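Peer 1: pasting the sequence and the predicted model now:
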Amino acid sequence: MRYESGTGTDGSGGTGGTAVPMAWFYAEYIAEELLRTGDLMPPTTFEFRAGREALALTVFLADTEDALSGIRVVTELESWLALTAYDQPWQEWIAERLAERLAERLTERGARGAEDADLRLARAAWRWLEETELLAPDLDAVPGGGVPDEERPQVWTPAWRLGLPLGHLAIHLF
């Protein structure tokens, strides 16, 4: 079952209307709820947004059957935890899954090649995570003995590098 729905301007439910990206909205909702439950940081921060976007991409792209329901969310937590783990090539997985989804949609839609609204939002989220840099503690630095967090070296890092561990921790805390 695909979540995307279209409503014709005449209310007929035809395909001539605006598509509502329900699969993406649902993935964002799940991600936001996981982060809010974890209470790791205020929802108004860029770090929270990075975590939400990283988790939403994981949830959206891990759902290969376009049928994620509320009941299945709990059964998918372990899968999302594995995908967001530190030693996993998450960013490569995201790029590959986005390319696969785009190819699937192009095949489904034939010569028109129209990209669906869910995929457009997912690709926009990935672009934001890759292109936005946030100033953060150097995650690769060796922890200094007794140095306060405020004095640790900081670097500009892509948003996904902060969002991914935040999302992973939120899943753990759920």
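Peer 2: Thanks, I have it. Residues are numbered from 1 along each chain as shown.
Peer 1: just give the closest residue to residue 101, not the sequence neighbours.
Peer 2: Take residue 101 and drop its neighbours on the chain: the residue closest to it by CB to CB, 6 or more residues apart in numbering is residue 119, 5.6 Å away. Every residue, glycine included, has its C-beta placed from N, CA and C.
Peer 1: contacting residues for the one you found?
Peer 2: 98, 101, 102, 105 (CB atoms under 8 Å, 6 or more residues apart in numbering).
Peer 1: any chance of those in TSV, plus pLDDT and neighbour count?
Peer 2: Formatted as TSV, those follow (pLDDT from 0 to 100; neighbours: other CB atoms under 10 Å):
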residue	pLDDT	neighbour count
98	93	18
101	87	19
102	87	16
105	79	15
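Peer 1: which of the residues you listed fall within strands?
Peer 2: Among the contacts of residue 119, no member falls in strands (criterion: DSSP state E).
Peer 1: now, which of the residues you listed sits nearest residue 172?
Peer 2: residue 98 (25.6 Å; CB to CB).
Peer 1: tell me the buried residues in the strand or helix carrying the residue nearest to residue 101?
Peer 2: Remark: residue 119 resides in helix 117-131, with elements defined by DSSP states H and E. Neighbour counts over helix 117-131 (16 or more other CB atoms under 10 Å) mark 117, 118, 119, 121, 122, 125, 126, 128, 129 as buried.
Peer 1: against residue 105, how distant is the closest residue to the last one other than its chain neighbours?
Peer 2: Take residue 129 and drop its neighbours on the chain: the residue closest to it by CB to CB, 6+ apart is residue 160, 3.9 Å away. To residue 105, residue 160 is 23 Å away according to CB to CB, to the nearest Å.
Peer 1: ditto for residue 63
Peer 2: 15 Å.
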